[in-house]
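*Asks:* sharing a model prediction with you, sequence too.
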Number of protein chains: 2
Amino acid sequence: MSFDSTIHAKAVDLSKLSYEMTAAAGSGHPTTAASLAHLVSVLMYQHMRYEPSNPLHPSADRLVLSEGHAVPIVYAACADIGIAIGTDRDHWRPMTREDAMTLRAIDSVVDGHPNPVEGFPFFDTATGSLGQGLSHAAGIAAAAKVDGLDRRIFCIIGDGESREGQIWEAIDFIKDHQLASVLPIFNCNVYAQSDKVSPQQTAETTAKKLEAAGYEALVIDGHNPTAIQEALSQHAQSQHDPNAAPIAIVAKTQKGWGSPSQQGAGHHGKPADGDDMTKALEELDATGRQLGASADTTLKIGLISPKKPDQPTVNDPLSFPQACEKFGQSLDKGKLATRRAYGIALRALGHQRSNVIALDADVSNSTFAEMFFKDEALADRYFECRIAEQNMFSVAAGLSAAGKIPYCSTFAKFVNRGYDQIEMAFNSGANFKIVGSHAGISLAADGPSQMSLPDIAWFRSFATMNAKNGAPGFFVLQPSDAYQAYALTLAMAEHAGPCYMRTLRPDTEFLYSENDTFQLGGHEVLEQGRDLLIVASGYMVHEANKALEQLDKQGIDAALVDLYSIPFDEEAILDLANENNGMILTVEDNYGAGFGSAVADAVAADGGGFTVRQMHVRNLPKSGRTPDEVLNYCGLSAGHIVKEAMSMLQLSGA
Amino acid sequence: MSFDSTIHAKAVDLSKLSYEMTAAAGSGHPTTAASLAHLVSVLMYQHMRYEPSNPLHPSADRLVLSEGHAVPIVYAACADIGIAIGTDRDHWRPMTREDAMTLRAIDSVVDGHPNPVEGFPFFDTATGSLGQGLSHAAGIAAAAKVDGLDRRIFCIIGDGESREGQIWEAIDFIKDHQLASVLPIFNCNVYAQSDKVSPQQTAETTAKKLEAAGYEALVIDGHNPTAIQEALSQHAQSQHDPNAAPIAIVAKTQKGWGSPSQQGAGHHGKPADGDDMTKALEELDATGRQLGASADTTLKIGLISPKKPDQPTVNDPLSFPQACEKFGQSLDKGKLATRRAYGIALRALGHQRSNVIALDADVSNSTFAEMFFKDEALADRYFECRIAEQNMFSVAAGLSAAGKIPYCSTFAKFVNRGYDQIEMAFNSGANFKIVGSHAGISLAADGPSQMSLPDIAWFRSFATMNAKNGAPGFFVLQPSDAYQAYALTLAMAEHAGPCYMRTLRPDTEFLYSENDTFQLGGHEVLEQGRDLLIVASGYMVHEANKALEQLDKQGIDAALVDLYSIPFDEEAILDLANENNGMILTVEDNYGAGFGSAVADAVAADGGGFTVRQMHVRNLPKSGRTPDEVLNYCGLSAGHIVKEAMSMLQLSGA
């Protein structure tokens, strides 16, 4: 029993430190932490293969703590082991118990929830918004599969948390793609925040659900070291057997393990302090003595495989016409849907960069992501996510953590489904690209359930702040023609950070050629003018172009900018406004707070007295059989633009 | 077999019409429709109890088509039966086959996906973004349970769609709350859009998953009328037995049923036309003949229960002090968290309005929604949703469709999880209220995984457009003190439309009294000034107040507006700016594109040369032990406001 005794001693020690650090912080979740004391001890001291001095070793096993609020127990182990921490990789140092006591302080790397970007490289991803970690783990495993690396990814999931549907999306995804290197560990400690978990989330029901999904569920006592070790060993053996069912552990644990005074309802997120803490610590010691806790065995962290993945290769890019020729696509019609240009670009990019991965959610024949996986040379870098968008974006966070550049596509409307997951990936510092097709109202016939309308506002919000590396939080891209869409798809890969690009359902006329260059943050002046500056984006550039002709007949000399990026060069836009009577008319086919509002921000900050009138969708759209019908219904046709421009100039006395 | 013959005849007829209407529209999903031909025929012609002339009868059975793209088959039945349609209830008329042929036309009520707000009252909710309908059905059932109505809610779910985790959240929710009047019907037609469904979504695996979740899964041939009828009858009987497991139907069907040339991959969303359509129709006729299709039995729609729910009662509201006294809450400290004021208000509202329902996602002791259900008189109007936010918001859509006013609360960050569901509820015309607690960065210690930062931008986007009833799409509310939070919670119930209110974790000082009144669209001038207008919201009003004192010492006379609503009276804000040197400094504790940007929109539209400088969160926050630490980290302390104000005035030469 010496292994057991030693693990019990660790469990007591780490639990005590969890109480102490949360008391110091004045907040946190020590009782959840204590429920994981044995699982984390066996994993981190005995079973996982990793280098404490280099948690980011690319073939090290990884731990994803999906129930992020349990993090004090992992911090305690990291402090005890001396796992490297620090914001600057060149100056990593071993974590100490003193570091643990800085939990949640403003100048500490020991954040309230797992947060790799603050200097905690033991974690790949930010967790804490529940239900996402298993998808992160699946992404890390998917990258390892592509790279042929033997690494295991352990993911701890709370029982209450397993109510989140995304957990079950990830369970299906792991099975579909045979990512048996992921080991889901359900921590069934019975209590959620406000109450006991539902009967639907008990250990027994969870095991049944896993078995229904084709898993072998190992139900164990999560405070029995030998049982934990045996279950982990079973996974180690079975993960390479393609005929074996994937394994999941369902661990029955106790919230507030070891401290009876901290058990039961009412202790979630409320660290004991003062006499209560003294009592909790004394109880833990007593529990340890009762279990014969004693550090009489030397534990050692597993040996790591020295294998590293190949460095990604980067070849010269193809031009759009070159890619079209190579892939048998025609440019002869003079028009092409930007979503189709995306498919061509994604395929070209797959050949250009070996670390680009494509994902889609059952609409690859609409987004044209299918062009990627139908190319045999790229097929094993594609992961079909089926109709489960939340999982897709969190898988991307995992892929990025493992050095890949994931491109995720679905309808722009359904991107909405994963905003929380996208934000957590962003918080993780992930380098991922999102491509939402059928954007705006020009998809027409399918109606508003398929139209992305508040999406620009949401992504733009991230463009108003800077990520850790100083770059804009997000680049929001909205190409108007196929050349632009192709170029921006490639440009996104050059930028180490998140991007959102919208593509369109209908064919749009070519506005550009292979000689035009486009970049994140750019815009294109399509027409110089004198009376009025029209700023349009995506499909609306074409409507604005039509409006320009009509305005010209009225003797109005309007300039036109294709604003295909947020953020953009505000000064350049204001200069153009200056040349155009100070009058700006913005046109976009989504709800407001988007492109027009970004221009308004710049104008209002400048204080120079420019006027911005915004045209955007102001009513709930409906189905129409053609884009023109819906544009007209929403007051966004070329005719409406002309009318608005005229009204604006008349109002200003021009 | 005469029942079977008649249903087969209907199935052929409705399938044919589905092909014809999608061909006329030039888009749509006839093969998915045909897979449901028998299920919809038995349901709508034989089993459901409803009045074709009044689909909104409050005790009628309801059909929720979660896989919204299958809608042509329901339209075909509605046209055949003559179910009432029309945007104006006073002028409803029976739907005709000619109406069906207007599918997806801009002036038609027959939208591309189920869309009640366009004049199709047979549907309660907008569907089409997949995975949400079962939660809608659960909401309708929850309302029926509260009202003591015997109505059944049938929900058809696609097999590919059942990959969405939300479906399984709803499955758990229905079991938890014993909403056995909901009958989930899984339409397992094998093919999704881009490919066959995953082995994880076959009929067999789906049945196992349902059984693991505690359901009795009836696996049937979905083209066998008698088998369908028997399964529906079994549900009719068992639903009232509290000891019976809830029932779900898993129907094995064929995509493109009846037309071999339309079966297999590649037909999703691609209506046949020309010769292909002729062939598909001929094949359907041949299939009908083979099955002995013949309308030899008269089908009749079930008799409806005449029972209607009681009219909701509305009592006089209590003032905040009255409510506090009644519920034993103290106002003596001179400060109170707005989230606690929400709890008090919600409880008062429960007594004031009998149709208010409360929902929360396992954080009711943080949001203080627990004050509602801990009141025995209100407990049965509370639905605990556990950690499954997506389901919660879609349940709210169902509750609203059944005449309730649902208040949904969770952390503002986790509201993010349900944006797609919220948008679909909005598209459904739902009257629901969302309350996000722990908003912004003042929750501090938990770190960015719990902080809502792009939320104002997203909800504000809906405030830039108008809902069908002409009201702003959303009201976005951000109270700064407890009196305001109390008043706005009550005010939201008076407005028939969606609202989003943010509440704060820390206590905030009282700024108001019971004599102050607040309304959606309002703002409060806290200080008149001359040099500069500071516009702040929520927690930042208190920081701005502190800044005012310091500015005063510098001889700067700044005005302060508590902008607690978007939209707001733009003219009034511009007038104030006019009195203050044309200088506006906005302060909010979220990412940009929010309150400040709304002010910038107004200023830029005015063109009067005002200057707007925006202070908002511009870096990724992290944990800090106090709000002050995090405000400082994000450059949003009172000191930072002072500095920005000074810089602004110096820049302007003041």
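*Replies:* Structure's in. What do you need? Residues are numbered from 1 along each chain as shown, chains lettered A, B, ... in the order given.
*Asks:* does A:Ile157 count as helix, strand or coil?
*Replies:* Following DSSP: H, G, I helix; E, B strand; the rest coil, we place A:Ile157 in the strand state.
*Asks:* any idea how far A:Leu130 is from it?
*Replies:* From A:Ile157 over to A:Leu130 the distance is 9 Å, taken as CB to CB, to the nearest Å. No exception for glycine: its C-beta is placed from N, CA and C like everyone else's.
*Asks:* what pLDDT does the model give the residue in the stretch 1-150 of chain A that chain B sits nearest to?
*Replies:* At 2.8 Å from chain B, A:Gly128 is the closest residue in the stretch 1-150 of chain A, using CB to the nearest CB. Looking at A:Gly128, its pLDDT reads 95.
*Asks:* centre of the chain to the helix or strand of chain A with the lowest mean pLDDT, how far?
*Replies:* Using mean pLDDT, DSSP states H and E, helix A:638-651 stands out as the lowest-scoring helix or strand of chain A, at a mean of 92. Centre-to-centre, helix A:638-651 and its host chain are 41 Å apart (CA atoms, centre = their mean, to the nearest Å).
*Asks:* is chain B within reach of it?
*Replies:* No. Helix A:638-651 stays clear of chain B (CB under 8 Å from any CB of the partner chain), getting no nearer than 9.2 Å.
*Asks:* CA atoms only: put that helix into CSV for me.
*Replies:* C-alpha atoms of helix A:638-651 as CSV (Å, rounded to 0.1, in the frame of the first residue of the first chain):
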residue,chain,number,x,y,z
ALA,A,638,-28.7,50.8,-55.2
GLY,A,639,-31.8,52.9,-55.5
HIS,A,640,-32.0,53.3,-51.7
ILE,A,641,-28.4,54.3,-51.6
VAL,A,642,-29.0,57.0,-54.3
LYS,A,643,-31.9,58.3,-52.3
GLU,A,644,-30.0,58.5,-49.1
ALA,A,645,-27.1,60.1,-50.7
MET,A,646,-29.3,62.8,-52.3
SER,A,647,-31.1,63.4,-49.1
MET,A,648,-27.8,63.8,-47.3
LEU,A,649,-26.5,66.3,-49.7
GLN,A,650,-29.7,68.3,-49.8
LEU,A,651,-29.8,68.4,-46.0
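*Asks:* list the buried residues for that helix?
*Replies:* A:Ala638, A:His640, A:Ile641, A:Val642, A:Glu644, A:Ala645, A:Met646, A:Met648, A:Leu649 (16 or more other CB atoms under 10 Å in any protein chain shown).
*Asks:* stretch A:172-191 now?
*Replies:* A:172-177, A:179-191.
*Asks:* list the buried residues in stretch A:133-149.
*Replies:* So, applying 16+ other CB under 10 Å, buried residues of stretch A:133-149: A:133-147, A:149.
*Asks:* no wait, stretch A:24-32
*Replies:* Residues of stretch A:24-32 classed as buried: A:Ala24, A:Ala25, A:Ser27, A:Gly28, A:His29, A:Pro30, A:Thr31, A:Thr32 (neighbour count, 16+ other CB under 10 Å).
*Asks:* distance between the ends of it?
*Replies:* Using CA to CA, to the nearest Å, one end of stretch A:24-32 lies 17 Å from the other.
*Asks:* now the residue most central in space within chain A. Nearest residue, chain neighbours left out?
*Replies:* Chain A has A:Ala425 as the residue nearest its centroid, 2.9 Å off, counting by CA atoms, centre = their mean. Leaving out its chain neighbours, the residue that sits closest to A:Ala425 by CB to CB, 6 or more residues apart in numbering or on different chains is A:Ala397, at 3.7 Å.
*Asks:* and for A:Val630?
*Replies:* Nearest to A:Val630 is A:Gly624, by CB to CB, 6+ apart, at 4.0 Å.
*Asks:* and that neighbour, how many neighbours does it have?
*Replies:* 25 (other CB atoms under 10 Å in any protein chain shown).
*Asks:* burial count for the closest residue in space to A:Met615 that isn't next to it in sequence?
*Replies:* Nearest residue to A:Met615 in three dimensions, chain neighbours excluded: A:Val587, at 4.6 Å (CB to CB, 6+ apart). A:Val587: 29 surrounding residues under other CB under 10 Å.
*Asks:* so A:Val587 touches A:Ala536, yeah?
*Replies:* Yes. Using CB atoms under 8 Å, A:Val587 is in contact with A:Ala536, at 4.3 Å.
*Asks:* shared neighbours, those two?
*Replies:* Counting by CB atoms under 8 Å, 6 or more residues apart in numbering or on different chains, the common neighbours of A:Val587 and A:Ala536 are A:Glu543, A:Ala544.
*Asks:* picking that back up, isn't the residue nearest to A:Ala425 up against A:Ala137?
*Replies:* No. Contact between A:Ala397 and A:Ala137 fails when scored by CB under 8 Å: they sit 10.2 Å apart.
*Asks:* what residue, apart from its backbone neighbours, is nearest the residue in chain A positioned nearest to chain B spatially?
*Replies:* For chain A and chain B, the shortest gap (CB to the nearest CB) falls at A:Gly165, measuring 2.0 Å. Distances taken as CB to CB, 6+ apart put B:Gly165 closest to A:Gly165, at 2.0 Å, once the chain neighbours are dropped.
*Asks:* that older thread, among the buried residues of stretch A:24-32, which lie within helices?
*Replies:* Those of the buried residues of stretch A:24-32 mapping onto helices are A:Ala24, A:Ala25, A:Pro30, A:Thr31, A:Thr32, per DSSP state H.
*Asks:* any low-confidence regions in chain A?
*Replies:* Residue ranges of chain A with pLDDT under 70: A:1, A:651-654.
*Asks:* does stretch A:233-250 come close to chain B?
*Replies:* No. Counting by CB under 8 Å from any CB, chain B is not contacted by stretch A:233-250; separation bottoms out at 11.6 Å.
*Asks:* how long is that stretch end to end?
*Replies:* 15 Å.
*Asks:* run the chain-centre distance for it.
*Replies:* 28 Å.
*Asks:* list the contacts of it.
*Replies:* Stretch A:233-250 has contacts (CB under 8 Å, 6+ apart) with A:47, A:152, A:171, A:174-175, A:178-186, A:188, A:203, A:206-207, A:210, A:214-220, A:228, A:231-232.
*Asks:* out of those, which are inside helices?
*Replies:* Short answer: the contacts of stretch A:233-250 in helices (DSSP H) are A:Ile171, A:Ile174, A:Lys175, A:Ala203, A:Thr206, A:Ala207, A:Leu210, A:Ile228, A:Ala231, A:Leu232.
*Asks:* of these, grab the buried ones for PyMOL.
*Replies:* Those of the ones in helices among the contacts of stretch A:233-250 that count as buried under 16+ other CB under 10 Å are selected in PyMOL with:
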select buried, chain A and resi 171+174+175+203+206+207+210+228+231+232
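*Asks:* contacts with chain B among the ones in helices among the contacts of stretch A:233-250, please.
*Replies:* Answer for those near chain B (CB under 8 Å from any CB): A:Lys175.
*Asks:* from what I see, A:Glu644 and A:Gln614 are in contact.
*Replies:* No. Using CB under 8 Å, A:Glu644 is not in contact with A:Gln614, being 9.6 Å away.
*Asks:* thank you, goodbye.
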